[in-house]
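> sequence and predicted model, in that order:
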Protein chains: 2
Amino acid sequence: MEFPKENFSEWYQEVLESAELVDNRYPVKGMLVWRPNGFKIRKYVTDLLRELLEETGHQEVLFPTLIPETALNKEGEHIRGFGSEVYWITHGGETPLDVKLALRPTSETAMYPMFALWIRSHADLPLRVFQIVSVFRYETKHTRPLIRVREVSTFKEAHCALKTEEEAEKEMRIIDGVYKAFWDELGIPFVRVQRPSWDKFAGADKTIAYDTIMPTGRTLQIATSHRLSQKFSEVFDVKYEDENGEQKLAYLTSHGISERAIAALVGIHGDNRGLVLPPRFAPVQVVIVPILYKGKENQVMEKAMEVYEKLKYNWRVELDDSDSNPGDKFYYWELRGVPIRIEIGPRDVENGVVTLARRDTKEKTQVKMEELEDKINRLAEEIHNNIAKRARDEFLSKVVTARSIDEIKDADNKPGIIKAPLCENWEECGKAVQDQINKEFRGIDLDDAPDGEKCVVCGKPAKYYGIWSNAY
Amino acid sequence: MEFPKENFSEWYQEVLESAELVDNRYPVKGMLVWRPNGFKIRKYVTDLLRELLEETGHQEVLFPTLIPETALNKEGEHIRGFGSEVYWITHGGETPLDVKLALRPTSETAMYPMFALWIRSHADLPLRVFQIVSVFRYETKHTRPLIRVREVSTFKEAHCALKTEEEAEKEMRIIDGVYKAFWDELGIPFVRVQRPSWDKFAGADKTIAYDTIMPTGRTLQIATSHRLSQKFSEVFDVKYEDENGEQKLAYLTSHGISERAIAALVGIHGDNRGLVLPPRFAPVQVVIVPILYKGKENQVMEKAMEVYEKLKYNWRVELDDSDSNPGDKFYYWELRGVPIRIEIGPRDVENGVVTLARRDTKEKTQVKMEELEDKINRLAEEIHNNIAKRARDEFLSKVVTARSIDEIKDADNKPGIIKAPLCENWEECGKAVQDQINKEFRGIDLDDAPDGEKCVVCGKPAKYYGIWSNAY
């Protein structure tokens, strides 16, 4: 069973389905079913996000799925941005509703009326909450599982209310820290980009996005962070009384990550045999496959049980004692991305060893029983690091730094990201480049800056690196 | 701060709001916001349910929120039962949808088309899945937070596909075991009732419901379990190939618990000071309140820190070092239902003791520092048992067993449940009683049976105890 990854789109659909992560045959376009195996990965991913957000003082809440039309329409830019994608509920049973209800496309307009009730004084700030919920977008573009869907069923949205612009900026950096830690654990490389004004979140003052590169070379936006300033607090009356008794508008920020995290995990790490999962996110972390020979079954099964008992407290371990032959079992668990396989045959039993096979490199090593647990601990870390490094190398190989329009044009037909110096006036010059190539201007890299270079468009001193790519 | 529980409806709204569990001011009727404190309780409750279901081999999945009209309408009884309560989505942006989409009122008609794809042979059965999601009902009755809502945001629905009727019956018993364990942990007493045919789940062959009694004396249905037999499998073509190569229809069951679990937890255990929580479900299990006197602040705070450090690994513990006075702190944490309070004053420090106050009985005891952890372990268990026993006693005091129509009529104006013997023909005789009283016939008690008694209506030998009550 091979899944040729060169043909990524097919590979992706095949692997999602064969590894039983999701089922895309649900009879509503762009909405899919999370099967048990996929749900577990989703859970480990959201657990990590919860943990990181709670560590930084964000509290989990749950808001209704529906937003009254009146609230959704309150902020002009916001509704202009989302209006054409909103699902509208018009009837309860046969009864027409007084006010149409929208399935939330995102929850700013659901949350901020409540923030206005909760916040009285400066002592109530900062207010930091998050929820992990479904949001809905009536996508007119081609849908694709976990990447472009109509029900985003794993939307983590954090929303913060702060006293000052400086605190809002600080909050943006706190979330950067959370997101960096999150993507590092997933082993997903990214470039952190400030979007140009025409590509901001509807209603935001500034949008930072995290883009990774999928195997096709197209970028995938995997996280966003928006400084909303006081626009929403004005229309929803989110005010606090400051230390001097004055009423002031709060500054708001919002921050999102969706199931694209899992699309990236699947798409970037996987190989021709299927999923490759960092151990932390693997539903099964260690699988034990007994290699049975006639007359030696008992010895081998006994040893397999012993290994299982030894490992089960610290690892999600499975002993595959089904009737399939070892080769089929290998394929089955490889497809599912189990990081470590333990093979135990009669000779291993005699020699007091077991064989460990790594999913990421396919390397096999023999290890003495007494060293098994140590070795697995080390191996799990090595596997994580190797997967992350491999992804990083692959990512870097798809970033071309260009120093002139000609170099940009040369790189235009290569898959991946073009990076080139831009002046202070980066929106205009970035757009001017876009107009001459097939890739789209995504914004400026926030983690790297040119030194002594010149803008590829106007020749003025460069201040930023612009980023161009084709995006999902 | 006192919340007189005699006036239960007001008490309930007050406590939900003051303890910051939920906010009922969200601008859509019957939909509310879970605030951080309430969300935590919700999480401990759903975690327990997950744990119990996973132990019995049920796997978590996630299905879309929307069901196409065509699928929802497929089973006649089902749509007749839910049709008038369904929220309909008719538009995506400005575009009318080809097929109207329903916000799921429950997921049978979403899941079973997928079951039909997943199930091929008898080896694929039993199939046992569950999800914890929002379901939506356009309630025309008076809404009430967590009890009767339009977005049920904590709906655990388990769905099982089985080979035979016997296996379906066995599954019903497995779920009974899960539910019993669940309600025992919550300390919520119940009566397990088979509903009469006119009060079954729409499309079910048999419905078992769990009813508890709220402080008003009205019963609250807190769990359901439905044997759906082959009705849904027929319309959705859920078939398997049996051992002999024959195609057979699967037997289906479904099982639900909602946020009414939390309504019961709040309403049944709470007292005039607010929430009383079993330790397992308390966001804060132990609160430390230092009693500061001038000149002794450092000693006391040091000891308080020491206690905090000692307990934090095994308990969710909070050290309240705010500026409020101890009395206000006591009220604050009592309102939130913190099971154990530790008070530390200068004299306690001198004597090497701390004072423990129980939330449930308000008793205080002094305990030596070296015995603190042991004592807290024991106390937590005692508190759980005491709360559960108190609820059980209260429940039993509200059940009247009547042996004649006259006795039933006497009990009719008392709050709570009337229980009386009925013959084999229980639906008809139970209904005949209902026609003469104000309470409603809920069905028959599945965990108790009369011995040598006579049906209160027809005088034939009694086989069941009927249950009558006013229900939420």
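Yep, that arrived.

> quick one: low-confidence ranges for chain A?
Within chain A, the ranges that satisfy pLDDT under 70 run A:1.

> give me the domain ranges for it.
Per automatic domain parsing, the domain ranges recorded for chain A read A:8-269, A:284-379, A:399-469.

> how about the helices in the stretch 201-350 of chain A?
Assigned by DSSP state H, counting those that start in this stretch, the stretch 201-350 of chain A shows helices spanning A:231-236, A:260-269, A:297-311, A:326-335, A:346-351.

> how about these, which one is nearest B:Phe281?
Of all the helices of the stretch 201-350 of chain A, helix A:260-269 sits nearest to B:Phe281, with 30.2 Å by Cβ to Cβ. All C-beta spots, glycine's among them, are computed from the backbone N, C-alpha and C.

> just checking, what packs against the closest one?
Packing partners of helix A:260-269 (3 or more Cβ pairs under 8 Å, 6 or more residues apart in numbering or on different chains; DSSP states H and E): helix A:8-18, helix A:36-55, helix A:165-186, strand A:219-229, helix A:372-397.

> now the first one: buried residues?
If I follow you right, that is helix A:8-18. Buried residues in helix A:8-18, counted by 16 or more other Cβ atoms under 10 Å in any protein chain shown: A:Phe8, A:Trp11, A:Tyr12, A:Glu14, A:Val15, A:Leu16.

> take these and lay them out in TSV including distance to chain B.
TSV is the format used below for the buried residues of helix A:8-18 (distance: Cβ to the nearest Cβ, whole Å):
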residue	distance to chain B
A:Phe8	25
A:Trp11	22
A:Tyr12	20
A:Glu14	16
A:Val15	18
A:Leu16	14
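
> what's the most distant pair in the residues you listed?
Longest span within the buried residues of helix A:8-18, Cβ to Cβ: A:Phe8 and A:Leu16, 12.2 Å.

> buried residues of stretch A:28-42, list them for me.
Within stretch A:28-42, the residues scored as buried using 16+ other Cβ under 10 Å are A:28, A:30-42.

> now A:Asp242: phi and psi?
In terms of degrees, to the nearest 10, the main-chain angles of A:Asp242 are phi -80, psi -180.

> contacts only, for it.
By Cβ atoms under 8 Å, 6 or more residues apart in numbering or on different chains, the contact list for A:Asp242 reads A:His122, A:Lys163, A:Lys248.

> taking those one by one, which sit in strands?
A:Lys248 (DSSP state E).

> and the closest residue to A:Ile437 other than its chain neighbours, how far from chain B?
Counting by Cβ to Cβ, 6 or more residues apart in numbering or on different chains, A:Asp412 is the residue found nearest to A:Ile437 once chain neighbours are left out, at 4.4 Å. Separation of A:Asp412 from chain B (Cβ to the nearest Cβ, to the nearest Å): 33 Å.

> burial check on A:Asp412, number of neighbours?
For A:Asp412, the neighbour count with other Cβ atoms under 10 Å in any protein chain shown is 17.

> state the distance from the spatially most central residue of chain A to B:Lys389.
Centroid-nearest residue in chain A: A:Ala261, 2.0 Å away (criterion: Cα atoms, centre = their mean). If you measure A:Ala261 against B:Lys389 using Cβ to Cβ, to the nearest Å, the figure is 46 Å.

> wait, which of the contacts of A:Asp242 is closest to chain B?
Taking Cβ to the nearest Cβ as the measure, chain B lies nearest A:His122 of these, at 15.5 Å.

> list the residues that contact that closest one.
Applying Cβ under 8 Å, 6+ apart, the residues contacting A:His122 are A:Lys163, A:Tyr240, A:Glu241, A:Asp242, A:Glu243.

> go again with 6 Å.
Neighbour list for A:His122: A:Tyr240, A:Asp242 [criterion: Cβ atoms under 6 Å, 6 or more residues apart in numbering or on different chains].

> and A:Lys368, by the same measure?
A:Val353.

> could you rerun that using 8 Å?
A:Gly352, A:Val353.

> what's across from it in the sheet?
A:Lys368 has these beta-bridge partners by DSSP bridges: A:Val353.

> can you check A:Lys239 too?
Counting by DSSP bridges, A:Lys239 is bridged to A:Leu249.

> could you measure from it over to chain B?
Taking Cβ to the nearest Cβ as the measure, A:Lys239 falls 17 Å from chain B.

> what's the burial count for that residue?
Other residues near A:Lys239 come to 17 when the count uses other Cβ under 10 Å.

> so it touches A:Lys248, yeah?
Yes. A:Lys239 lies in contact with A:Lys248 (Cβ atoms under 8 Å); the separation is 6.3 Å.

> find the nearest non-adjacent residue to A:Pro283, please.
Spatial nearest neighbour of A:Pro283, chain neighbours left out: A:Lys40 (3.9 Å); criterion: Cβ to Cβ, 6+ apart.

> again, but for A:Ala282
In space, A:Ala282 is closest to A:Pro339, 5.4 Å off (Cβ to Cβ, 6+ apart).

> which element is A:Ala161 on?
In the assignment (DSSP states H and E), A:Ala161 maps to strand A:151-162.

> I should have written A:Thr70 there, sorry.
Here A:Thr70 is assigned to helix A:69-72, by DSSP H and E.

> distance check, A:Pro96 against B:Tyr138.
11 Å.

> and the two? Which one has more around it.
More crowded of A:Pro96 and B:Tyr138, by other Cβ under 10 Å: B:Tyr138, with 21 against 10.

> ok, that one - contacts?
Contacts of B:Tyr138 by Cβ under 8 Å, 6+ apart are A:Gly92, A:Gly93, A:Thr95, B:Ser84, B:Glu85, B:Val86, B:Tyr87, B:Arg150.

> so which of those residues comes closest to B:Arg50?
B:Arg150 (25.2 Å).

> share the number of residues neighbouring the closest one, please.
B:Arg150 has 22 nearby residues by other Cβ under 10 Å.

> likewise for the one 5 residues further on?
B:Phe155 is flanked by 21 other residues according to other Cβ under 10 Å.

> surely it touches B:Val133?
Yes. Contact criterion Cβ under 8 Å: B:Phe155 and B:Val133 qualify, at 5.8 Å.

> separation between the residue nearest to A:Ala282 and chain B?
21 Å.

> A:Phe232 too?
In terms of Cβ to the nearest Cβ, A:Phe232 sits 16 Å off from chain B.

> contacts only, for that residue.
By Cβ under 8 Å, 6+ apart, the contact set of A:Phe232 is A:Glu75, A:His78, A:Glu108, A:Thr109, A:Tyr112, A:Gly203, A:Val238, A:Leu252.

> lovely, talk soon.
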